[in-house]
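Colleague: Kindly generate the corresponding structure for this input.
(chains A and B)
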2 protein chains.
Amino acid sequence: MNIDMIRASAARAKGVVRRTPLLNSPFLDEIAGRRVWLKPECLQHTGSFKFRGGWSAVSALPEADRARGVIAFSSGNHAQGVALAAKMHGAPAVIIMPSDAPALKIANTRAYGAEVVLYDRAGESREAIGARLAEDRGLTLIKPYDEPQVIAGQGTTGLEIAEQAAAQGIETADVLVCCGGGGLTAGIALALEADAPGLTVRPVEPEGYDDVARSLRSGGIERNNTTAGGLCDAILTPCPGDLTFPIMHRLCGPGIVVTEEEALRAMGHAFLRQKLAAEPGGAVALAAALFHADQSTGDDVIAVISGGNVDAEIFQRGLETIAA
Amino acid sequence: MNIDMIRASAARAKGVVRRTPLLNSPFLDEIAGRRVWLKPECLQHTGSFKFRGGWSAVSALPEADRARGVIAFSSGNHAQGVALAAKMHGAPAVIIMPSDAPALKIANTRAYGAEVVLYDRAGESREAIGARLAEDRGLTLIKPYDEPQVIAGQGTTGLEIAEQAAAQGIETADVLVCCGGGGLTAGIALALEADAPGLTVRPVEPEGYDDVARSLRSGGIERNNTTAGGLCDAILTPCPGDLTFPIMHRLCGPGIVVTEEEALRAMGHAFLRQKLAAEPGGAVALAAALFHADQSTGDDVIAVISGGNVDAEIFQRGLETIAA
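Modeller: Modelled structure (predicted):
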């Protein structure tokens, strides 16, 4: 796992993966007391950065493997990223989802061309179903974060941030990244180490699910007590990955923890000031920039909005925080 | 008013005006029955394309005039575009607004650095106040659409569309543009005439305020009965401009008229499928692409989302159209 893999991933992504802009607003600057720059991956294909990793992994496969197809376990952004990446390669994709997943997520994943295989959370093992399908059809498993080509794909976000920060004359700044298993965080950290060593990645998590912040403090992999029930579902994972944690430990600054209420308020501000729809888990980095400004230093901060796949009902809760 | 002015405006805007992306989604394609491409000017500085025209006009002024300052009448997107453009030039800006304008709009315009002069709609003439201020201080009036440098600035949107369409291999398509006084519509039409003659601009308006569609049919300037009370406030103007109408008449295809309900549904789809906040007037072109597909031909359609400055309460009405 190194910078050359990220550069190779970027070369394969050229003309396909969207180069998202770096946006700022004087109103957000005023709240934070420094310039706030947003990297809106909610504008990426499928509405989250996960398409970068999906495209990277599928495009890296040997032709024969790709022709047999890929498989993933996910009911969320990774499912959609892998499904669309496979479709655009003309490769079959099987996504294993729990039968009680929201109908819209199942419909979306199918609309991106994937075969959705539903399993009963109570009575069936998704791993067993996946292993059987993978063996029968020769499918390649694409893991959501602890997979080098996925990390490389997420890292292309960091190559863009390095270029865009340089264009704005930003030499030192914290780069706040919404963090689940750490694929995006580790990928960006590797890219910045090479191309913008004055930029420091800071993982951001919701309160109660701060496994990465605790792991960075203790120096070993710490786990969440639960990954259920949180508003920030997109970034709730049991613990940092075996591949992602050493990278984060070597390169990242301390983690930042925000409340769900702060994530909702950040969603409101992203709507009001940048006309963006962020999902709760995708808004925690902006929440850290706006409401935990004392944890950073310097004139600039960069916050990644990692995704925007949010139901209207939840989004409404974000809107309510800014209503007059 | 010609293409050279638009190219000169683009040169002055380089590195300042945001180059907005051209976005697509398979879900929107399915509704429209052809590929739908969005040009999201809601992501422009100040949340609408109006910053392009404001920057263009302020940057075109002779140094001495700019130092004295600019003045505009507007309570909406033009006010914010001119205010920020002036601020970024270090030039004073006076914006004349009705005293009953929403507090948020007044606060925003002030936050962009402008001096806001309030007038009483009932008892005072904004033109008289403006004329007096302009004379006393030597301010230059920047009109919202019937002003060559403003049209040139809005036309830079068209230069980008021409490049981005070519990059996608699109040679012929309708380009649907949310249309008020016609500055954006005429500017894009001029740019496409030069750089992408296979692309045809189609002005889009809300029902009951279809002055441009009727003017294009009759060949002369037709007026709206009223410009009050509509949901699509950003694009409600009395009639096409003396400068913009001849350009639209020469270059545009027939106008398309959508209902307010369709504009709200388009807002819902822009949120759900592209993670964008569009205002009602900024969503009428997307509404035409999605719900009046029979009025276009070909494999592709391009729709400009002209702005996203919408209150949470109104946005909620858009969300309700897509709630499960």
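Colleague: any idea of the mean pLDDT in stretch A:258-270?
Modeller: For stretch A:258-270, the mean per-residue pLDDT is 98.
Colleague: try stretch A:111-125
Modeller: pLDDT averaged over stretch A:111-125 gives 89.
Colleague: So which residues make contact with it?
Modeller: Residues from elsewhere that reach stretch A:111-125, judged by Cβ atoms under 8 Å, 6 or more residues apart in numbering or on different chains: A:46, A:79-80, A:82-84, A:86-87, A:92-101, A:106, A:109-110, A:126, A:129, A:133, B:26-27, B:30. In short, each C-beta sits where N, CA and C put it, glycine included.
Colleague: need the contact list for whichever residue of the stretch 1-150 of chain A sits closest to chain B.
Modeller: Relative to chain B, the nearest point of the stretch 1-150 of chain A is A:C42 (4.1 Å; Cβ to the nearest Cβ). Shown in contact with A:C42 (Cβ under 8 Å, 6+ apart): A:48, A:276-279, A:282, A:305-308, B:275.
Colleague: Tell me where the stretch 51-200 of chain A has strands.
Modeller: Taking DSSP state E, counting those that start in this stretch as the criterion, the stretch 51-200 of chain A carries its strands at A:70-73, A:93-98, A:115-119, A:140-141, A:173-178, A:199-206.
Colleague: What is the nearest of the contacts of A:C42 to A:C239?
Modeller: A:S306 (18.6 Å; Cβ to Cβ).
Colleague: Count the residues that sit near the closest one.
Modeller: Around A:S306 there are 32 other residues, counting by other Cβ atoms under 10 Å in any protein chain shown.
Colleague: again, but for A:I151
Modeller: Neighbours of A:I151 (other Cβ under 10 Å): 31.
Colleague: again, but for the one 5 residues further on
Modeller: Under the neighbour criterion other Cβ under 10 Å, A:T156 is assigned a count of 27.
Colleague: Enumerate every residue touching it.
Modeller: A:6, A:9-10, A:13, A:17, A:52, A:56, A:187, A:191.
Colleague: Which two among those are spaced furthest apart?
Modeller: Top of the distance list for the contacts of A:T156 (Cβ to Cβ): A:V17 and A:A191, 13.8 Å.
Colleague: out of the two, which sits in the busier spot?
Modeller: When neighbours are counted by other Cβ under 10 Å, A:V17 and A:A191 differ, and A:A191 comes out ahead with 27 against 24.
Colleague: pLDDT at A:Q316, what is it?
Modeller: Predicted confidence (pLDDT) for A:Q316: 95.
Colleague: tell me the contacts of it?
Modeller: B:316, B:319.
Colleague: same deal with A:R137?
Modeller: A:68-69, A:92, A:94.
Colleague: about what we covered before: ranking the strands of the stretch 51-200 of chain A by burial, who's on top?
Modeller: Mean neighbour count (mean count of other Cβ atoms under 10 Å in any protein chain shown) peaks for strand A:173-178 among those, with a mean of 29.
Colleague: Can you show me the CA trace of that one as CSV?
Modeller: Provided in CSV are the C-alpha atoms of strand A:173-178 (Å, rounded to 0.1, in the frame of the first residue of the first chain):
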residue,chain,number,x,y,z
ALA,A,173,-3.9,22.9,7.4
ASP,A,174,-5.8,20.1,9.1
VAL,A,175,-7.8,18.0,6.7
LEU,A,176,-10.8,16.7,8.5
VAL,A,177,-12.1,13.3,7.2
CYS,A,178,-15.3,11.5,8.2
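Colleague: Who does that strand pair with, and is each partner parallel or antiparallel?
Modeller: strand A:199-206 (parallel), strand A:300-305 (parallel) (DSSP bridges).
Colleague: Mean pLDDT for these - can I get that in TSV?
Modeller: Formatted as TSV, those follow (pLDDT from 0 to 100):
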stretch	mean pLDDT
strand A:199-206	98
strand A:300-305	98
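Colleague: And these: which comes nearest A:I142?
Modeller: strand A:300-305 (21.5 Å).
Colleague: Buried ones in that closest one, by neighbour count?
Modeller: By neighbour count on 16 or more other Cβ atoms under 10 Å in any protein chain shown, the buried set for strand A:300-305 is A:300-305.
Colleague: Turn those into CSV, columns for distance to A:L251.
Modeller: Listed next are those as CSV, based on distance: Cβ to Cβ, whole Å:
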residue, distance to A:L251
A:D300, 19
A:V301, 17
A:I302, 15
A:A303, 18
A:V304, 15
A:I305, 21
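Colleague: Pick out the most distant pair among those residues.
Modeller: Checking the buried residues of strand A:300-305 with Cβ to Cβ, the most distant pair is A:D300 and A:I305, at 16.4 Å.
Colleague: what's the closest residue to A:S25 other than its chain neighbours sitting at in phi/psi?
Modeller: Distance criterion Cβ to Cβ, 6 or more residues apart in numbering or on different chains; nearest residue to A:S25, sequence neighbours excluded, is A:R273 at 4.4 Å. Here is the backbone geometry of A:R273 (degrees, to the nearest 10): phi -100, psi -20.
Colleague: Tally up the residues packed near A:R273, please.
Modeller: So A:R273, with other Cβ under 10 Å, has 22 neighbours.
Colleague: check contacts around the closest residue to A:D146 other than its chain neighbours.
Modeller: Distances taken as Cβ to Cβ, 6+ apart place A:G241 nearest to A:D146, at 3.5 Å, with adjacent residues excluded. A:G241 makes contact with A:145-146, A:181-183 under the criterion Cβ under 8 Å, 6+ apart.
Colleague: Which one (most neighbours) among those?
Modeller: Going by other Cβ under 10 Å, A:G183 tops these with 31 neighbours.
Colleague: ok, the residue nearest to it when sequence neighbours are not counted to A:A64 distance?
Modeller: Take A:G183 and drop its neighbours on the chain: the residue closest to it by Cβ to Cβ, 6+ apart is A:Y145, 3.2 Å away. Between A:Y145 and A:A64 the computed distance is 26 Å (Cβ to Cβ, to the nearest Å).
Colleague: hang on, the earlier thing: reformat the contacts of A:C42 as TSV; add distance to A:C232.
Modeller: What follows is the contacts of A:C42, written out as TSV (distance: Cβ to Cβ, whole Å):
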residue	distance to A:C232
A:S48	13
A:L276	17
A:A277	15
A:A278	11
A:E279	8
A:G282	8
A:I305	13
A:S306	10
A:G307	10
A:G308	13
B:K275	17
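Colleague: out of those residues, who's nearest A:Q164?
Modeller: Distances from A:Q164 to the contacts of A:C42, taken by Cβ to Cβ, are shortest for A:I305, at 14.2 Å.
Colleague: how about the closest one, what does it touch?
Modeller: A:38-42, A:178, A:270, A:276, A:278, A:282-283, A:285-286.
Colleague: For those, name the two members farthest from one another.
Modeller: Farthest pair in these, by Cβ to Cβ: A:C178 and A:L276, 13.7 Å.
Colleague: got the angle for the helix or strand bottoming out on mean pLDDT in chain A vs strand A:115-119?
Modeller: Sorting the helices and strands of chain A by mean pLDDT, DSSP states H and E puts helix A:103-111 at the bottom, at a mean of 87. Taking axes from the mean of the first three to the mean of the last three Cα atoms, to 10 degrees, helix A:103-111 and strand A:115-119 form an angle of 140 degrees between their directions.
Colleague: Could you check the angle helix A:103-111 makes with strand A:93-98?
Modeller: 170 degrees.
Colleague: Please identify the buried residues of helix A:103-111?
Modeller: Going by neighbour count (16+ other Cβ under 10 Å), the buried part of helix A:103-111 is A:105-106, A:108-109, A:111.
Colleague: Just the CA trace of stretch A:233-253, in CSV.
Modeller: Output of stretch A:233-253 as CSV, limited to C-alpha atoms (Å, rounded to 0.1, in the frame of the first residue of the first chain):
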residue,chain,number,x,y,z
ASP,A,233,-24.8,4.9,9.8
ALA,A,234,-22.5,5.5,6.9
ILE,A,235,-19.4,5.6,9.1
LEU,A,236,-20.3,3.1,11.9
THR,A,237,-17.8,0.2,11.8
PRO,A,238,-16.6,-2.1,14.5
CYS,A,239,-13.0,-1.0,14.5
PRO,A,240,-10.3,0.4,12.3
GLY,A,241,-8.9,-2.1,9.7
ASP,A,242,-5.7,-4.1,9.9
LEU,A,243,-4.4,-2.2,6.8
THR,A,244,-5.9,1.2,7.5
PHE,A,245,-4.9,1.5,11.2
PRO,A,246,-1.1,1.4,10.8
ILE,A,247,-1.3,4.1,8.1
MET,A,248,-3.6,6.3,10.2
HIS,A,249,-1.4,5.7,13.3
ARG,A,250,1.7,6.8,11.4
LEU,A,251,0.3,9.8,9.6
CYS,A,252,-2.8,11.2,11.3
GLY,A,253,-3.3,13.8,14.0
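Colleague: Perfect, I'm done here.
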